[in-house]
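Visitor: Return a 3D structure for these sequence lines:
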Amino acid sequence: MLESDEAARRLGVKMATLYAYVSRGLLVSHPSPTGRRRLFDVEEVERLARRSRQGKAVETRMATITTGITQLTDDGPIYRGLRATELATRYRYEEVAEWLWGVDNEGAADLHPGPEWVALDLGRPPGIGTSDRMRWAVVMAGSADPLRSDLRPEAVIRAARQVAASMVKVLPAAGPDPAGPGPAGSAERSRSIALGGEPDLTGSMAERLTSVLAPRPTADLVRGVNAAMVLMADHELATSTLAVRVAASTRADIYDALLVALGTIAGPLHGGASQLAYSLLIDAERDGPERALDDTLRWQGVLPGFGHTVYKHGDARFGVLLELFEQLARPQQVELVQSIVDAAADHGIPPPNVDLALAAISWATGMPPDAGRTLFTVARVAGWVAHYLEELEERPLRYRARAVYATGRSPG
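Guide: Residues are numbered from 1 along each chain as shown. Below is the predicted model:
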């Protein structure tokens, strides 16, 4: 069933038009269990959408994608009925990934990770950049799997756990913090690092990723990285996710589908926003917030880390990570980020998004400038695999767009 706002979006109409369809008998609305909104049958909405499209002059064979994985709302993403902003500070990334993959769990209280988040022994990675190392890990993992064409869900999930762990294992480790371990350094790290006391995060994906990205890992930083991974785990039909679904529709194996995603996310307009926001913070620290904002607008035309095509009134994920950033950063760093946000708001710039918070955590804790991109990439494996599995349940080769041929179109 679809909520009213989602039904209207699928039909491309306003809410008033949606209820006009109901009054004219074109759609039937159903009461919601919560009693707050009306619900609409997915198939009925899709039939009406197809009828509307048939009246248009341009032919299309593009698939309509119905998903039960992630819903985007003003309160942030909802993963199979559970709010990502609540999961981020309560559960490990692995647990949320299993939830997205549809592994048997009765509810949020029963989320648990599978037993096989173990990196493969792929040998020593070549001396290449971070993004290339992650792609190398996927290539090598696929080449080592003698039954990589096994598309049963249990086989795909087992491979996904190993690939995600292997992508982290091959990353270059950050150098030691010249300031030393500090009050929350090696002594704290030697103890069991837990998220909110439970569960134990020792050996978790968040701890592994923090260990290679941060010169001084701490329990608080592991919690921040874990929260960021959960919040970035999926975002409905982002470009890289759509690429995965296209690959799945051809019945490509999970390794090749992940390589398609990694190639797409490598584009600077998809996975690179946090790295640009990191540069903004460096410039603001050196030149002051307003000059940094002005210089960025002059040379880039937009402010990285601000505005969002979906969240017009603010990205709820930003607020979650901002609170964690404030626990990790020095007071002057917190003040600087707040000054940037205030200066942008004073000039009518859209609210900050999760990329700014991700950059702020990376910057404040001494991570490299591309740490946000790396974290985003590893985290998104959860969503890519979830959509891959869901697409395998659809008819194959359903993505086939038709071009509108125009004579005299220039090659450029």
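Visitor: Please enumerate residues in contact with stretch 232-247?
Guide: If you take CB atoms under 8 Å, 6 or more residues apart in numbering as the criterion, stretch 232-247 is touched by 65, 67, 69-72, 77, 79, 84, 93, 96-97, 100, 256-258, 260-265, 267, 270-271, 354, 358, 375-376, 379-380, 382-384, 386-388, 390-391, 399. Yep, even glycine has a C-beta here, placed from its N, CA and C like the rest.
Visitor: Of those residues, just the buried ones, ChimeraX syntax please.
Guide: Typed into ChimeraX, the next command selects the buried ones out of those (criterion: 16 or more other CB atoms under 10 Å):
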select :65,67,69,70,71,72,77,79,84,93,96,97,100,256,257,258,260,261,262,264,265,270,271,354,358,375,376,379,380,382,383,384,386,387,388,390,391,399
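Visitor: Stretch 227-241 spans what distance, first to last residue?
Guide: Using CA to CA, to the nearest Å, the gap from the first to the last residue of stretch 227-241 comes to 21 Å.
Visitor: Same question for stretch 341-350.
Guide: 10 Å.
Visitor: Show me what the mean pLDDT comes to for that stretch.
Guide: Mean per-residue pLDDT for stretch 341-350: 94.
Visitor: just stretch 162-175 next, same as before
Guide: For stretch 162-175, mean pLDDT rounds to 91.
Visitor: ok now it, how far from the chain's centre?
Guide: Offset of stretch 162-175 from its chain centre (CA atoms, centre = their mean, to the nearest Å): 18 Å.
Visitor: quick one: contacts for the closest residue to residue 40 other than its chain neighbours?
Guide: Excluding the flanking residues, the one nearest residue 40 by CB to CB, 6 or more residues apart in numbering is residue 7, at 4.2 Å. Residue 7 makes contact with 18, 27, 40, 45 under the criterion CB under 8 Å, 6+ apart.
Visitor: what comes up buried for the helix or strand containing residue 7?
Guide: Applying DSSP states H and E as the criterion places residue 7 in helix 4-11. Residues 4, 6-8, 10-11 are the ones in helix 4-11 that count as buried (16+ other CB under 10 Å).
Visitor: Next, format these as CSV and append distance to residue 161 and pLDDT.
Guide: As requested, these are exported to CSV (distance: CB to CB, whole Å; pLDDT from 0 to 100):
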residue, distance to residue 161, pLDDT
4, 38, 83
6, 31, 80
7, 36, 84
8, 38, 84
10, 33, 80
11, 39, 84
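Visitor: before we move on, back to that, please save the CA atoms from the helix holding residue 7 in CSV.
Guide: The C-alpha trace of helix 4-11 is given here as CSV (Å, rounded to 0.1, in the frame of the first residue of the first chain):
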residue,chain,number,x,y,z
SER,A,4,-1.3,9.5,-0.2
ASP,A,5,1.8,11.7,-0.9
GLU,A,6,3.7,8.7,-2.5
ALA,A,7,0.6,7.9,-4.6
ALA,A,8,0.5,11.5,-5.8
ARG,A,9,4.2,11.4,-6.6
ARG,A,10,3.8,8.2,-8.6
LEU,A,11,1.0,9.7,-10.6
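Visitor: correct me, but residue 274 touches residue 318?
Guide: No: in this structure, residue 274 is not within contact of residue 318 by CB atoms under 8 Å, at 11.7 Å.
Visitor: Can you flag which of the contacts of residue 7 belong to strands?
Guide: residue 40 (DSSP state E).
Visitor: Pick the one among the contacts of residue 7 closest to residue 280.
Guide: residue 18 (40.3 Å; CB to CB).
Visitor: How about the secondary structure of residue 97?
Guide: At residue 97 the chain is in helix, as set by DSSP: H, G, I helix; E, B strand; the rest coil.
Visitor: and the gap between it and residue 308?
Guide: Residue 97 sits 23 Å away from residue 308, going by CB to CB, to the nearest Å.
Visitor: Same check on residue 72?
Guide: 10 Å.
Visitor: now residue 158
Guide: Distance from residue 158 to residue 308, by CB to CB: 35 Å.
Visitor: Next: residue 276.
Guide: Using CB to CB, we find residue 276 at a distance of 15 Å from residue 308.
Visitor: neighbour-wise, which of the two wins?
Guide: Remark: of residue 276 and residue 308, residue 276 carries more neighbours, 21 against 18, as counted by other CB atoms under 10 Å.
Visitor: these two touch, right, the more buried one and residue 303?
Guide: No: counting by CB under 8 Å, residue 276 stays clear of residue 303, with 9.0 Å between them.
Visitor: I'm done for today, thanks for sticking with me.
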